[in-house]
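Asks: need coordinates for the following:
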Amino acid sequence: MLGVAMSFTAPYLSLFGVERAGMTPFRLGVFMTAIATSGVIASTAAGRWSDATGKHRTLLLVSLCAATLGYLCLCVVRDYRLLLLVGIAFIGAGGCALSLVFSFSRAALPASDDAERTFASATLRTILSAAWVFGPAVGALVLAATNFYGLFLFAAASFAACGTIVWRMREPRPDEHATQHLMARPTAGEVAQEIDAQSEAQYEGQPLTQAEVQPGAPRDPATLPAAKATAKAKVRAARAPVPAAEGSQKDIMRAIVALTLIGLAANATMIVLPLYIVHGLQGTRIDVSIMLGLGALMEIPMMLALGARASVLDKSWWLAACAVVHAVYFVAMSLAPGVHALIPMQILNAFVVAVTSCLGMTFVQDLMPSSPGRATALFFNASRLGSILSGVLSGMLVQAFGYRGTFLVCGALALCALVLFAVPGEQYPKMARAVRRYLRERSGKRD
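Replies: Sure thing, here's the model as predicted:
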């Protein structure tokens, strides 16, 4: 239901601002940027609070209620200042529902190991993609039949239905699934039984010598119980659950910056691609719908396959490969001779979306195993930040370099993400020195 609500509203919110609210392009940009910024702030605060309290369901319900109220207000509000207030207070705050769904699922689903947990997240992400396969087309039919009033009313009902489902779910206890983030170990009772069995086997049938019964000796009957207790404590400590290793702040920031660059390039493409097809290649709006739906359809099997194998995959390597594929996609887009040449290229774009959605989120969560809510919020905020930047950047790039040049710049951003994923942080100073040395040599040759 969350995917249906988002796929109904996201493609048509900007159209509503221009056609019904009478916004200028500048005011529309401010409106969309305010919503995205509010979503980033709300997601960050929600992630920190849910990690500190262990409660994800309450915040998810609040965000879904906010989204419901926001789209109900859009049915009647047309004043720009009121719309800006509704966008910041309700729609932006409701935007954090997406990240909260994944952090809530990670805490609530009774997964026994990393493979099950990753596959569950991939399945949820696949369902969202499935909603985007038919959602925009159905939304267009609802818009044509009932105008924006019916569209936003249906979206509000979808958010409310999602909230009803979550309300009927049980909030897990803070420690109920804590072992999901730890390595499996024997229980304390099993350890004690093992020590007792080993002790009995060691001493059974062996007569005590005079030296062994001296006070303080290892088999002194008076101190043997204490010795057993000490041994048990040592084994328990050795076999206690070991928390997963936290990634360094530099590794986390590198991952977030790389995902932001990929999100920036992807969102700029979503803005430029329809214009490129219609105005640059003389295509039709039907061509745009076919490409968006086809890309979402091809993401589904890829996400399921990656989710099933995610626990044994090298996530950093796959994300680096994803950045390479993204760069190839942009170069191919810039060289496309016509609309039909763009259709097979959506396979490359679907691969990028599938890898970043399935492996990107779990990669950040693996770097922050003790803070799943904050990790999920960081992942989705990277995409939102890319969306904020892409709105301004895409217009500037198209005006300066045209459609094909914009795709080449997006390819360069993907290559920067490749460096962040593939090159360890300690190699950056060496790379900087090598670049400076190369530039000095080139400068000397020119002189």
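
Asks: please name every helix or strand in contact with the helix or strand hosting Ala52.
Replies: Per DSSP states H and E, Ala52 falls inside helix 25-53. Applying 3 or more CB pairs under 8 Å, 6 or more residues apart in numbering; DSSP states H and E, one finds that helix 25-53 makes contact with helix 13-19, helix 57-74, helix 80-86, helix 92-94, helix 97-108, helix 372-422. Backbone N, C-alpha and C define where each C-beta goes, glycine included.

Asks: so the last one versus helix 97-108, what angle?
Replies: Think helix 372-422. Interaxial angle, helix 372-422 versus helix 97-108 (axes from the mean of the first three to the mean of the last three CA atoms, to 10 degrees): 110 degrees.

Asks: if we ignore the residues flanking it in sequence, what's nearest Arg20?
Replies: Once flanking residues are discounted, Arg20 sits nearest to Phe148: 5.5 Å by CB to CB, 6 or more residues apart in numbering.

Asks: distance of Met169 from Ala336?
Replies: In this view, Met169 and Ala336 are 46 Å apart by CB to CB, to the nearest Å.

Asks: list the buried ones in the host helix or strand of Thr260?
Replies: Assigned by DSSP H and E, Thr260 belongs to helix 249-275. Buried residues in helix 249-275, counted by 16 or more other CB atoms under 10 Å: 252, 254-256, 258-269, 271-274.

Asks: what is the burial count for Asn147?
Replies: Using other CB atoms under 10 Å, Asn147 has 14 neighbouring residues.

Asks: typo on my end, it should be Arg170
Replies: Arg170: 8 neighbours (other CB under 10 Å).

Asks: one more: Ile127?
Replies: Neighbours around Ile127, by other CB under 10 Å: 14.

Asks: go on, Gly338?
Replies: 9.

Asks: can you pull the contacts of the nearest residue to it once chain neighbours are set aside?
Replies: Counting by CB to CB, 6+ apart, Leu281 is the residue found nearest to Gly338 once chain neighbours are left out, at 5.9 Å. Contact analysis of Leu281 by CB atoms under 8 Å, 6 or more residues apart in numbering lists Ala336, Gly338, Val339, Leu342.

Asks: run the chain-centre distance for the longest helix along the chain.
Replies: Of all the segments of type helix in the chain, defined by DSSP state H, the longest one is helix 114-167. The chain centre lies 17 Å from the centre of helix 114-167; the measure is CA atoms, centre = their mean, to the nearest Å.

Asks: do the same with stretch 387-407
Replies: What separates the centre of stretch 387-407 from the centre of its chain is 24 Å, taken as CA atoms, centre = their mean.

Asks: which parts of that stretch are buried?
Replies: Buried residues in stretch 387-407, counted by 16+ other CB under 10 Å: 387-391, 393-395, 397-398, 403, 406-407.

Asks: pLDDT on that stretch, on average?
Replies: Averaged across stretch 387-407, the pLDDT comes to 78.

Asks: the more surrounded of Met169 and Ala336?
Replies: Ala336 (18 against 13).

Asks: ok, and the closest non-adjacent residue to the more buried one?
Replies: Nearest to Ala336 is Leu342, by CB to CB, 6+ apart, at 5.3 Å.

Asks: okay, now the one you found: neighbour count?
Replies: Residues near Leu342, counting by other CB under 10 Å, number 21.

Asks: for it, give me its contacts.
Replies: Ile277, Leu281, Met291, Met333, Ala336.

Asks: next: Ile256.
Replies: Val364, Leu378, Phe379, Ala382.

Asks: pLDDT, neighbour count and distance to Pro136 added to those, as JSON lines?
Replies: Below are these laid out as JSON lines (pLDDT from 0 to 100; neighbours: other CB atoms under 10 Å; distance: CB to CB, whole Å):
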{"residue": "Val364", "pLDDT": "85", "neighbour count": "25", "distance to Pro136": "28"}
{"residue": "Leu378", "pLDDT": "81", "neighbour count": "24", "distance to Pro136": "28"}
{"residue": "Phe379", "pLDDT": "82", "neighbour count": "27", "distance to Pro136": "24"}
{"residue": "Ala382", "pLDDT": "82", "neighbour count": "25", "distance to Pro136": "24"}
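
Asks: that concludes my questions; thank you for your assistance.
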